[in-house]
Each structure stands twice: as C-alpha cells, then as structure tokens.
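# okay, sequence plus prediction incoming.
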Amino acid sequence: MRKPIIAGNWKMNKTHQEAVAFMEEVRGNVPSKNEVETVVCAPALFLKDMHDKAESSDVAVGAQTMHFEEGGAFTGEISPAALQDMGIAYSIIGHSERREMFNETDESVNKKVHAAFRHEITPIMCCGETLEERESSQTEQVVRTQIEKGFAGLSAEQAKQVVVAYEPIWAIGTGKSSSAEDANETCQTIRQVIAELYDEQTAEAVRIQYGGSVKPENINSYLAQEHIDGALVGGASLKTDAFLQLAEAGKHE
Ligand SMILES: O=C[C@H](O)COP(=O)(O)O
C-alpha cells in the first residue's frame, strides 16, 4: 500500500509574509501524515521560516530545485547541504520549467537525485512529454528515457523512495488536464520501466504523482487510478482552502 503524497509547487509566487501566513493557516488543518504526506514546495527564500512555522505539524516544506554539488562557485544556486541544514526534506527535481528554461538535462537530474539521497532529501523527480511529442506518439519513449536516465545508479532501496511526478507539459498551467485514464496509462508505463530496471517489488513501492491543471474539482478522478498515488499541483496550491481540499482528497485515495 503506497501512501499518497500531495505536493504544492508554488513556483515564483508569494511574498515572504504571504508564505508564512499560509503555513499558519494550514498547519493545524492538514490530514495526518500517517494517512497522506502533504508538502509545500516554495521559493528557497521562504523555506526556513515556513519550516519553523510548520513546527511539528503534518505539513512539510520542500524546495523547487537544488544544485547537485556540495558547494562552490555556483552563483545563485542552492546546495543540498544548505537545504538539509534547514530541515528541508523534499525537493522537486527536473521540473519541465527547469528543463526548458534553465537547461536541466536528464544527466543533471540524475546527479541531483543522487545528491538528494546524500542529504536525506526525498526527490520529487519530474518527467513528461511536450504536446509535439504526444501528437507524434512519442510519450512512452520520452518518459522511458527520462526514467532510465534519472534513476541511473540508484540502488533498489533508493529507487523505492523516489517520488516520480508525471507532468505532461501541455497540461501545465493551461487548464487542459490529461484525462485520468491517459495519465494512468503513462504512470503504468513509468512503473513498468522501473520494474524492468529493478524488479516488481521496487516498482510497486514507488509513488507516482500526476501533475498538470489538478484542482479540487478533478483530483479525485486522478487519485482513483491504480498507478497514481498523488498530485503535484501548481496554481491550485496557492490558496489555503484549495490546498487543504487537495490534501484531504489524498486521505481518501
Ligand atoms: O508543478 C506543478 C505543475 O507544473 C502543474 O502546474 P498547474 O497545476 O498550475 O498546472
């Protein structure tokens, strides 16, 4: 039985004041982490204060990206050691916006996943196809390559702890969500690729989120699917009431 994981990705939104106020509002109201993991991935500037505000609540705070190096001359970057030092236990890795606008590749994604494990950070590793790739029937091959390269060199024990976020790029922030059945089919492919890389038991343990225009009104249809274990939510995670509804939906998966 895989525990559902609902994660918000705020992207470059909110001020520090708004971020801390959000945590104040949600910290006592999210479902128990024994039933569903709830994470808010916020701009790095706010992480420490959000984490402090969460105290021992059931909502966790995550980063949206991190570097794979321990430290050094990487202007503007955030080290995994710094995240770990602040108590940050999750990081999104390889979001399509990072791949498209900040030159992240399957190779750097793989290095970041390894760095996350060195620092006790759970990687939320993103994959997904463009509209062009989908329309030319390349979805399976694209996702297969992203998973094979992203998981390279991980032990089975590490692989089990990776959270994969399947986000068809054409469904991100567009209001055009993938049908739950189509999303499930690709998530099943992802699980199959992991089974080929490792074994069935490892593949069955990996949690796979769907992301792309998820909101309180449609999350249940995704969570009802066999291979979907949660959601990575952008726009709808910015409002406390919607975020709490999404977290609550995870509880009933
Ligand atoms: O990381 C989240 C995704 O990019 C989805 O964003 P969205 O829910 O605004 O479509």
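In hand now; what should we look at?
# list the contacts of residue 227.
184, 187, 188, 190, 191, 208 (Cβ atoms under 8 Å, 6 or more residues apart in numbering). (Each C-beta comes from the backbone N, C-alpha and C, glycine too.)
# the fourth one and residue 126 touch, don't they?
Spelled out, it's residue 190. No - contact status for residue 190 versus residue 126: not in contact, 11.4 Å apart, counting by Cβ atoms under 8 Å.
# those two: which is more packed in?
residue 126 (28 against 21; other Cβ atoms under 10 Å).
# in the stretch 151-253 of the chain, what residue is nearest the ligand?
Here the stretch 151-253 of the chain gets closest to the ligand at one residue, residue 234, 2.4 Å apart by Cβ to the nearest ligand atom.
# and the pLDDT at the closest residue to that residue other than its chain neighbours?
Leaving aside its sequence neighbours, residue 234 sits nearest to residue 9 (Cβ to Cβ, 6 or more residues apart in numbering; 5.2 Å). At residue 9, the pLDDT value in this model is 98.
# just give me the neighbour total for residue 9.
As a burial measure, residue 9 scores 26 neighbours (other Cβ under 10 Å).
# residues contacting it?
Contacts here follow Cβ under 8 Å, 6+ apart; on that basis residue 9 touches 41, 64, 92, 95, 211, 232, 233, 234, 237.
# sorry, back to before: what residues are shared contacts of residue 190 and residue 126?
By Cβ under 8 Å, 6+ apart, residue 190 and residue 126 have these common neighbours: 164, 166.
# may I have the beta-bridge partners of the residue nearest to residue 234?
residue 41 (DSSP bridges).
# before we move on, the earlier item: want to throw the contacts of residue 9 into CSV with neighbour count?
As requested, these are exported to CSV (neighbours: other Cβ atoms under 10 Å):
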residue, neighbour count
41, 27
64, 22
92, 26
95, 28
211, 28
232, 27
233, 27
234, 22
237, 27
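# out of these, which sit inside helices?
Secondary structure assignment (DSSP state H) places none of the contacts of residue 9 within helices.
# closest one of those residues to residue 14?
Among the contacts of residue 9, residue 237 lies closest to residue 14 (Cβ to Cβ), at 10.6 Å.
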